[in-house]
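Sequence and predicted structure are below.
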Amino acid sequence: MKSSVIIFPGSNCDRDVAVALEKMQFKNQMVWHKETSLPKSDLIVIPGGFSYGDYLRSGAIAGKSLIIDEVIKAANSGCLILGICNGFQILTETGLLKGTLLRNKNLKFINKDVNIKVINNKTKFSSKYKLNQVLKINIAHNEGNYFTNNNHLEELKKENLIAFKYCDEDGEINEQSNPNGAKENIAGIFNSKKNILGMMPHPERMIDRSISNTDGINLFSSLLS
Amino acid sequence: MSINNEILEKHGLKLDEYKKIQKLLTRNPNLLELGIFSAMWNEHCSYKSSKIHLKNLPTKGKQVIQGPGENAGVIDIGDDDAIIFKIESHNHPSYIEPYQGAATGVGGILRDVFTMGARPIALLNSIHFGSPSHPKTKTLLNGVVSGIGGYGNCIGIPTVAGETKFNDTYNENILVNAMAVGHAKKEKIFYSKAKGINKAVVYVGSKTGRDGIHGASMASAEFDENSEEKKPTVQVGDPFTEKLLLEACLELMRDDSIISIQDMGAAGLTSSSVEMASKGSLGIELELDKVPCREENMTPYEIMLSESQERMLIILEDGKEENARKIFEKWDLDFIVIGKTTDTKNLTLKFAGKVEGEIPIEALASKAPVYDRKWTKKNLPTKKIEIKKLKKIKIEDALIKILSSPNHSNKSWITNQYDQMVMCDTIQKSGSDAAIVRIHNKDKAIAVSVDSSANYCKSHPFTGGKQIVCENWRNLISVGAKPLAITNCLNFGNPENEVIMGEFAECLKGIKEACNFLNYPVVSGNVSFYNGTNKKNIFPTPVIGGVGLINKFTKSLSSQFKKKNSLIILVGKTFGHIGQSCFLKENYSILDGAPPETNLVNERNNGLTVFNLIEQDLILSAHDISSGGLITALSEMAINSLMGVKVSKPKKLTNFTEYLFGEDQGRYVIEVDKKGQKDVEKILKLNDIFYEIIGFTQKKYFEIEGEMKIDINDLFKVNNQWYNNY
Amino acid sequence: MKLISEKPYRLNSKKNKLKFSVTVTLKKDVLDPQGKVVQNTVTNLGIKNLKSIRQGKFFEIEIDENDELQANKKIEEICKKLLVNLIIEDYKINKL
Amino acid sequence: MKLISEKPYRLNSKKNKLKFSVTVTLKKDVLDPQGKVVQNTVTNLGIKNLKSIRQGKFFEIEIDENDELQANKKIEEICKKLLVNLIIEDYKINKL
Ligand SMILES: Nc1ncnc2c1ncn2[C@@H]1O[C@H](COP(=O)(O)OP(=O)(O)O)[C@@H](O)[C@H]1O
Ligand SMILES: [Mg+2]
């Protein structure tokens, strides 16, 4: 399986994602944002970081970069796209995913391990997880407070497009287990064709027991199968 | 324009210093030249008050590749790997504008490390604030923490460790020290020494603005009439640009284009160009009208003294310019040849073709003033505090007082604002004795920690200086690392005051003695004097940043209890020293007595033995005992693991309170599996280590025989509430 | 009479709705990293003749107060105490 | 002669200086976490009668253009293409 990781000047999880992909036996390539064409890929990853310092709005400026047009084309022709953290923010700025990510409700950067629940495991990104499985995954962001209008929220629910929700250790989804104020504890969503996933938590940080746990592995292995 | 007293004063130059300038130049300097002298001769750049004392520090060792004198220190960690690290203060800017001050502090220290060819892999910080009840403290704390996070998170380097302390002494002068640690290949280390004549001097990075120009208000008044707009301004950091600069520099460093490279830190273009030329015994000529400027009509004076961030100076090999330019353009950064090296040994400054200033390099560097300031020695306080004469207090209450105090409360309110995991090599985050960061793609890791003990140092600087090096060393040992070398940030008051100068000299002697004994050399550092206001100086606060090596990171250790029913062993002898202790401070507001003495022989012996036990996989968890004594150390281990412990009363005992809260040095708590007891005791005995088996781990309760029993969750709450309620 | 009674009436009805805007901008010589990046991006988007963009903050504040002067004072206070970092920023208050 | 030569010069110098402000605010139904926190903080500072604070962005844009209409169009374009996220934000352009 071939993957590409897009590097913006301020990306800083690009290496981490590449390590994860290679560990999972993807044939991975790094793609600089000024490129005007993408190598043939089954999966495109937009990694975390601060693409352009997160100035203006996080992800806004990356959303105007040259390579993004290619990503949109690939997405429309069915290529799998994974946006993690800043990557999720960029995907919303390009319109590939609906909604937006506002400042965390406490206005502070948050880095910690949180629990998330698998809401839909019938997608190419999540088939190796069990439904309602509780994962422990690291988050690290300033703007992870997912917001969308009520129509879209209904659509997300009706079409089963919510990928993950923040929860507590026991899978309880409530306000205390919502780290950033995201609407209905949403931590990640799909587009309607389910070939695009945007998520705030960092699965690439959870593939190595010596630094964390291995709860992120199944996301990558789902993609492989 | 003639130079008068007022102008000298605004440049921080004394009259006899001015006379020395006239003599070195054999003429009067013009204003530009005076500004340059003032920047190079001030305390921050010249180390004029500290130099003769710093000279005595041990800086050598088998592990040292580069000691003090370069942008950062370099040590050998085996194979072809080197670690490059340094700590630096940003105290005054952070007090004026906490967010930007702290952020640019982080940015500055990162540049010192990647200038030498290292990819930064960890950030640390030591931050000291005034009393929490002081009206400014909360704003300063918030600003500093988000500034440190704002910069480190954005550039994508994990902030993995640090210390946060509150003490009235910093009410008017907080301390913000930032440390950066980088990894490089041994044969790919870059230095600032210029070589060769007629080599291109290249300016890269951000544009130059009127940021932080010393004495600029005065200077601009001299330059033109409508000067009110040209107020000196605070430096604003741009971590995004720094990230570009980092990547561009590392990319250029892959081949051999660079002769010499130097970041523009304090005194900007001035100190960077002088330093490169001085080290290479060369001259340097700059055409200042080529410097990319952010503002219109910037003068040579402003350009030379600007402290705009995210800039570097590079001397390139012939024929490498085009390739280098391509790299910087790829990263959208300015790349401009602004001058060349010369054989004149002068700093020559041109603007629009005209020479605006010319100063012999050595007048700015090696001939800068050096002072042997008067200092007085402080005697060891003799006052003994008798605990029996104090109001009786229950052990449980005393412990809770300590665990809920600002200084001992859990710091996750702070550390959750730092990305600790980016780069995916953080084996151990902050919260234990030292953070552990893996060398990418290798089995080995480094352990890092920063420490200080201002109260000890105030009470008796020599003992305090010695103690803090040992505490730092102990912190690295506790996680299973072999301590290799340190960097130090010496935060002191006004050196023109004999008592303060004495604190400095004595602290340094203490540091020296400990470093020598432990083979723990100083490879880099920074001095920050004049901390304080209106004759009120801060407590002497040397901050030690240590780096240790863990050959196999799988052997590293945390301070969390691992399993029920294992033995708790106290390594090292307990006398119950409570002078200057946290017990007295938090419970009686007493800050008195002598600090605990550190016996270096025991320190080394105990430490190396614990290290040995860890290497042999005989220890489940370990924690050094410091502020708050044995009981505090035990409760920290319990709280972090949510596992209980039961401690029994020792048989021979004078005073149980002193035993539990005393801050005797050189001690560790270790958790040992019962199966390993024999082996552990054998090794301890073999090495003549004093130890006591004091109890065992258990479920749920933190228990001291006959004194207290408290649910571990309650203890956790006590320890976790302060920041959230502040 | 009418005139006299009308005035206080109007003031009263306004009482619950004094609205101000505050714009906070970086002082002239202070680096504006955001503005810089935005400006480059606009230029890259092909928009010509752009001279400069500087970014600041904007606040809309409603206050329950019938005396405009009094309200203005309060806004000043909020600005100085919280909204504005006087060391690097300037601000302007406007009644809406 | 002097006067005549001075006028075009002045015009010319003005040409390069059309200046606009843009304020960008969150739409009414969008949660404003910043505004909310700021509002709480102000209340905690003891300032009474505050009804609401909403936070937005402010831009000062200078453009090299002598036709105001033309310039305005460009600013519109910049807003739509970059400065504003039309899904959640409204904007207002003012000539300065
Ligand atoms: N306390 C100290 N101990 C050892 N070396 C020091 C100390 N203070 C400064 N140095 C060394 O002096 C040199 C100059 O320091 P400094 O001016 O802080 O560097 P920079 O110009 O990079 O900011 C550095 O090599 C630094 O490591
Ligand atoms: Mg330096």
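Good, I have the coordinates. Ligands and ions are numbered 1, 2, ... in the order given.

chain center to the host helix or strand of B:E285: distance?
According to DSSP states H and E, B:E285 maps onto strand B:283-287. Centre-to-centre, strand B:283-287 and its host chain are 33 Å apart (CA atoms, centre = their mean, to the nearest Å).

cool, stretch B:597-605 as well?
24 Å.

Flag every buried residue along it.
Applying a neighbour-count criterion of 16 or more other CB atoms under 10 Å in any protein chain shown, one finds B:E597, B:T598, B:N599, B:L600, B:N602, B:E603, B:R604, B:N605 buried in stretch B:597-605. C-beta: built from backbone N, CA, C; applies to glycine.

Show residues contacting it.
B:463, B:466-467, B:470, B:473-474, B:513-514, B:517-518, B:572-573, B:577, B:665-666, B:687-690 (CB atoms under 8 Å, 6 or more residues apart in numbering or on different chains).

Just the buried ones from the residues you listed?
B:463, B:466-467, B:470, B:473-474, B:513-514, B:517-518, B:572-573, B:577, B:665-666, B:689.

Name the nearest of those relative to chain C.
B:Q467 (37.7 Å; CB to the nearest CB).

Look up which helix or strand that closest one falls in, please.
helix B:461-478.

residue boundaries of the strands in chain A?
Taking DSSP state E to define them, one finds strands in chain A at A:2-7, A:27-32, A:43-46, A:80-84, A:100-102, A:110-118, A:134-141, A:145-147, A:162-167, A:186-190, A:196-199.

Torsion angles phi and psi at the most centrally placed residue in chain C?
With distances taken as CA atoms, centre = their mean, C:V22 lies nearest the centre of chain C, 1.2 Å away. Phi and psi for C:V22, reported as degrees, to the nearest 10, are phi -120, psi 130.

got a pLDDT number for the nearest residue to it once chain neighbours are set aside?
Spatial nearest neighbour of C:V22, excluding adjacent residues (CB to CB, 6 or more residues apart in numbering or on different chains): C:F59 at 4.3 Å. pLDDT for C:F59: 94.

I figured B:E242 was touching B:G108, is that so?
No: with contact defined as CB atoms under 8 Å, B:E242 does not reach B:G108; the gap is 9.7 Å.

which residues are in contact with both of the two?
B:Q309.

returning to that earlier point: among the buried residues of stretch B:597-605, which are located in helices?
Counting by DSSP state H, the part of the buried residues of stretch B:597-605 found in helices is B:L600, B:N602, B:E603, B:R604, B:N605.

right, is stretch A:125-137 up against chain B?
No: shown here: stretch A:125-137 not in contact with chain B (CB under 8 Å from any CB of the partner chain), separated by at least 10.8 Å.

Could you measure from B:G607 over to B:C507?
B:G607 is 21 Å from B:C507, where distance means CB to CB, to the nearest Å.

between these two, which one's more packed in?
Using other CB atoms under 10 Å in any protein chain shown as the criterion, B:G607 and B:C507 rank with B:C507 on top: 27 against 23.

Now do the helix or strand that one falls within: which elements does it pack against?
Here B:C507, judged by DSSP H and E, is contained in helix B:498-518. Judged by 3 or more CB pairs under 8 Å, 6 or more residues apart in numbering or on different chains; DSSP states H and E, helix B:498-518 is in contact with helix B:51-54, helix B:454-459, helix B:461-478, strand B:482-491, strand B:541-550, helix B:600-615.
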